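Undergrad: sequence unavailable; structure follows:
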């Protein structure tokens with residue numbers, strides 16, 4: 001099933017003549033299929049890319065930065081690297097760089113001039129507006145600048161300062177005689193600062209280091225400043241208009257240049273992964289097996305029959321099974337599973353060949369969320385919120401799907417609990433009520449935990465077998481033997497503690513124990529048969545009794561961890577009881593208010609606010625607890641991770657050629 005495994009990948013290796021490398025790169029980018037890898041796999045200390053590629057790549061990155069700076073100044077939004085590729089002469093990246101630079105330079109010069117003029121006009125308008133405001137405040141305070149300037153024995157300065165800045169200025173002026181006089185009540189206040197003439201240098205230094213804003217010219221003409229301010233605002237408007245005209249005129253050319261630069265940068269970056277060998281260039285990468293023939297055809301069309309293409313299954317590439325070479329991962333999950341794939345990726349990217357856990361994760365997530373948050377009313381609100389995101393905010397599509405699915409699970413268990421906004425008289429209780437059937441619910445939660453832990457162990461058996469470690473898959477403590485032994489002990493405990501009406505038959509215990517012994521005995525012969533291609537194991541020098549003791553201790557420790565993981569699922573029942581208990585608290589508070597005079601409105605408000613808080617806070621808490629159980633109790637049993645997401649070199653220039661796949 002495609003939802004349980006990654007898309008099969010093949011290693012794609014191409015050898016072409018150096019002169020055909022740009023055309024082949026364009027073909028690869030246009031197909032959007034090949035996940036490029038370093039041909040030397042990071043082991044070569046030397047530059048392996050074709051000659052001149054690194055310098056051209058650096059030059060085009062510089063051009064890209066220049067285009068982005070120019071577009072920001074002009075207020076133009078650049079497009080993504082799509083549309084047509086470089087023109088027919090585009091294989092010569094050096095010539096293309098010269099053409100682009102020659103076209104870009106006059107555009108940059110004009111944008112810089114207009115942008116500088118607009119910025120200067122804006123700054124002048126702001127400064128004049130500030131000077132006008134300060135002069136107006138001095139006029140309102142009846143300050144005569146000429147009389148102030150004529151003072152002979154004291155130095156008077158004016159500034160804007162709040163209380164903190166005024167106190168700091170006073171401490172800096174002490175111990176010389178001074179006076180700080182507030183002139184109005186606006187914040188920051190206009191103040192006059194007076195000191196003796198001999199203390200003028202101290203005042204100027206104090207103004208520089210304090211937070212006061214000095215007013216430089218108290219004798220400014222308010223009317224003249226207003227005229228100057230109006231002229232500066234008009235000049236700024238003219239400069240902005242000229243910049244807008246230039247934007248309309250230069251935007252198409254700038255977008256076109258940006259497109260060419262982005263494409264060339266992308267293609268040259270791809271060529272840095274290539275390896276040059278004489279007159280030939282070698283290209284290495286991964287792509288889905290089903291697309292190999294298509295890419296091969298495109299490369300042959302770009303380079304002719306001189307292109308040598310080798311396709312090799314991932315399983316046949318040395319180093320893949322050992323894990324020294326990583327194969328990129330591509331999942332094709334249906335839309336309903338895509339949000340859960342993102343949650344899986346938060347934990348890690350699965351390795352190639354590992355069972356994809358998204359489907360198991362989705363089922364167990366919704367099961368536990370529904371058990372802990374079961375209520376028809378709350379589930380309906382979650383579903384409506386998710387549908388609104390899905391319908392009206394496509395950028396939050398995954399969140400909308402997740403909310404709709406979580407809401408559906410909550411409604412389903414709400415029906416089983418007979419709970420509608422905590423009311424149990426509208427629907428009959430089809431299964432149980434979490435708060436009143438706590439013991440039964442706890443046993444159910446433990447049973448679900450045992451099932452999830454067992455699923456994790458089974459997935460670990462499959463993953464371990466796939467990498468060729470048959471011995472650990474069968475007879476290891478985390479393999480099939482450990483899983484069977486876990487169930488033997490689990491059934492014995494169940495036979496001891498559950499009600500007599502549900503006694504586990506003895507034949508089931510003996511069957512599980514016999515299966516565990518059979519797996520332990522047959523594990524080594526089967527491992528020798530299926531692991532013939534693996535390197536010979538290192539011979540242990542420890543005594544047999546010590547080896548057996550170590551194995552026994554490891555087995556006991558592992559079994560204890562399994563049961564600790566299982567008991568951890570009791571929190572499912574605990575949070576379901578908390579959910580029901582909060583409903584009771586809301587009803588109690590609302591009922592108390594309802595018996596008070598005029599308390600009916602407050603009672604309704606408590607119901608609305610209480611349910612809103614439950615959905616927001618408790619819904620978030622339950623989600624975190626479910627993720628905690630998934631990551632620690634489930635994923636820890638089998639998930640290896642260490643994978644790399646499939647990111648092909650892609651340049652979509654023809655919509656019909658898009659892959660139509662979903663990247664999870």
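TA: Looks like it came in fine. Keep in mind it's a predicted model, so treat the numbers as computed, not measured.

Undergrad: for burial, what's the neighbour tally of the residue nearest to residue 397 when sequence neighbours are not counted?
TA: Once flanking residues are discounted, residue 397 sits nearest to residue 390: 6.2 Å by CB to CB, 6 or more residues apart in numbering. For glycine as for every other residue, the C-beta is placed from the backbone atoms N, C-alpha and C. Residue 390: 18 surrounding residues under other CB atoms under 10 Å.

Undergrad: again with the one 3 residues further on
TA: In terms of burial, residue 393 registers 11 neighbours under the definition other CB under 10 Å.

Undergrad: quick one: contacts for it?
TA: Listed by CB atoms under 8 Å, 6 or more residues apart in numbering, the contact set of residue 393 reads residue 400.

Undergrad: for it, what are phi and psi?
TA: phi -130, psi 80 (degrees, to the nearest 10).

Undergrad: state the distance from it to residue 405.
TA: Separation of residue 393 from residue 405 (CB to CB, to the nearest Å): 17 Å.

Undergrad: kindly report the same for residue 552.
TA: Distance, residue 552 to residue 405, using CB to CB: 44 Å.

Undergrad: more neighbours, these two?
TA: The residue with more neighbours, out of residue 552 and residue 405, is residue 405; 22 against 11, by other CB under 10 Å.

Undergrad: relative to residue 460, how far out is the residue lying closest to residue 458 once chain neighbours are set aside?
TA: Excluding its sequence neighbours, the residue lying closest to residue 458 (CB to CB, 6+ apart) is residue 483, at 6.7 Å. For residue 483, the distance to residue 460 (CB to CB) stands at 8 Å.

Undergrad: before we move on, what about residue 198?
TA: Residue 198 is 87 Å from residue 460, by CB to CB.

Undergrad: who's more crowded, these two?
TA: Regarding residue 198 and residue 460, a neighbour count based on other CB under 10 Å identifies residue 460 as having more, with 24 against 11.

Undergrad: quick one: buried residues of stretch 250-268?
TA: By neighbour count on 16 or more other CB atoms under 10 Å, the buried set for stretch 250-268 is 250-251, 254-255, 257-268.

Undergrad: can you name every helix or strand that the helix ranked longest in the chain contacts?
TA: Scanning the chain for the helix with the most residues, using DSSP state H, yields helix 222-271. Here helix 222-271 is seen to pack against helix 21-31, helix 53-74, helix 93-140 when contacts are counted using 3 or more CB pairs under 8 Å, 6 or more residues apart in numbering; DSSP states H and E.

Undergrad: for the first one, give the mean pLDDT please.
TA: It stands for helix 21-31. The average pLDDT within helix 21-31 is 86.

Undergrad: residues in contact with the helix or strand that that helix is followed by?
TA: Using DSSP states H and E, the helix or strand that follows helix 21-31 towards the C-terminus is strand 35-36. Applying CB under 8 Å, 6+ apart, the contact partners of strand 35-36 are 270, 273, 283-287, 328, 646-649.

Undergrad: now, which of those sits nearest residue 20?
TA: For the contacts of strand 35-36, the minimum distance to residue 20 (CB to CB) is 10.7 Å, reached by residue 283.

Undergrad: tell me how far residue 590 lies from residue 580.
TA: Distance, residue 590 to residue 580, by CB to CB: 16 Å.

Undergrad: same question for residue 62.
TA: Between residue 62 and residue 580 the computed distance is 64 Å (CB to CB).

Undergrad: who's more crowded, these two?
TA: Taking other CB under 10 Å, residue 62 and residue 580 do not tie; residue 580 has more neighbours (20 against 14).

Undergrad: dump the residue contacts of the more buried one.
TA: Going by CB under 8 Å, 6+ apart, the list of residues near residue 580 reads 419, 422, 433-435.

Undergrad: in CSV, list those along with secondary structure.
TA: Output for the contacts of residue 580, formatted as CSV (DSSP: H, G, I helix; E, B strand; the rest coil):
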residue, secondary structure
419, coil
422, coil
433, coil
434, coil
435, coil
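
Undergrad: from those, pick the one nearest residue 6.
TA: Among those, residue 434 lies closest to residue 6 (CB to CB), at 38.8 Å.

Undergrad: next, count neighbours for the closest one.
TA: Neighbours of residue 434 using other CB under 10 Å come to 27.

Undergrad: how about the one 5 residues further on?
TA: By the criterion of other CB under 10 Å, residue 439 has 9 neighbours.

Undergrad: so how far is residue 432 from it?
TA: Where residue 432 is concerned, residue 439 sits at a distance of 10 Å (CB to CB).

Undergrad: cool, and residue 380?
TA: Applying CB to CB to residue 380 and residue 432 gives a distance of 21 Å.

Undergrad: show me the shaky parts of the stretch 451-600 of the chain.
TA: For the stretch 451-600 of the chain, applying pLDDT under 70 flags the ranges 498-504, 527-528, 530-548.

Undergrad: ok, which stretches of it are helices?
TA: 470-475, 480-497, 506-530, 544-567, 570-594, 599-613 (DSSP state H, counting those that start in this stretch).

Undergrad: can you redo the ones you listed as a markdown table with distance to residue 235?
TA: A markdown table is the format used below for the helices of the stretch 451-600 of the chain (distance: least, CB to CB, whole Å):
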| stretch | distance to residue 235 |
| --- | --- |
| helix 470-475 | 79 |
| helix 480-497 | 80 |
| helix 506-530 | 84 |
| helix 544-567 | 73 |
| helix 570-594 | 64 |
| helix 599-613 | 54 |
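
Undergrad: quick one: which of those is nearest residue 293?
TA: With CB to CB as the criterion, residue 293 lies closest to helix 506-530 of the helices of the stretch 451-600 of the chain, at 32.2 Å.

Undergrad: centre of the chain versus the closest one, how much separation?
TA: Here helix 506-530 is found 44 Å from its chain centre; the criterion is CA atoms, centre = their mean, to the nearest Å.

Undergrad: likewise for stretch 353-366?
TA: The answer for stretch 353-366 is 20 Å, by CA atoms, centre = their mean.

Undergrad: that one: which residues count as buried?
TA: 353-362, 364-366.

Undergrad: swap in stretch 379-387?
TA: 379-383, 385-386.

Undergrad: next: stretch 426-444.
TA: Applying 16+ other CB under 10 Å to stretch 426-444 flags 432-435, 437-438, 441-444 as buried.

Undergrad: contacting residues for the nearest residue to residue 492 once chain neighbours are set aside?
TA: Closest residue to residue 492 apart from its sequence neighbours, by CB to CB, 6+ apart: residue 509 at 6.5 Å. Residues counted as contacts of residue 509 (CB under 8 Å, 6+ apart) are 488, 491-492, 495.

Undergrad: okay then, goodbye and thanks.
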